[in-house]
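Visitor: only geometry, no sequence info:
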């Protein structure tokens, strides 16, 4: 995603305002996912399932980026990418505490990076 601005300008011929707006869409969609994360985790059966699905869908979204051909498709991609990237960082601590216990959370959190 760090190369989104370069992709938008070089491949799609869009100006920097469009790529900035796409980054904003990613942030807004990620924020919306994090707001609904508790409900989503309960609905899907646990933090590990949501994290796995987010990782899988995030990889799929990265593979689909080259198929964006206009500003509109870039914004749709940015919204979908933001929805999949939202839970990734937010659920790391929850999953590590679930797997290894709260007592070893600081040590394991350092290893997870």
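Guide: Sure, I can see it. Given the structure is predicted, the values throughout are model-derived calculations rather than measurements.
Visitor: show me what the helix or strand bottoming out on mean pLDDT in the chain is packed against.
Guide: Among the helices and strands of the chain, helix 105-111 carries the lowest confidence by mean pLDDT, DSSP states H and E, at a mean of 77. Under the contact definition 3 or more CB pairs under 8 Å, 6 or more residues apart in numbering; DSSP states H and E, helix 105-111 sits against helix 92-100. No exception for glycine: its C-beta is placed from N, CA and C like everyone else's.
Visitor: pLDDT averaged over the helix it packs on - what is it?
Guide: Helix 92-100 shows a mean pLDDT of 87.
Visitor: elements contacting it?
Guide: Against helix 92-100 (3+ CB pairs under 8 Å, 6+ apart) you get helix 47-64, helix 105-111.
Visitor: what inclination does it have with respect to helix 47-64?
Guide: Angle of helix 92-100 versus helix 47-64, following axes from the mean of the first three to the mean of the last three CA atoms, to 10 degrees, is 130 degrees.
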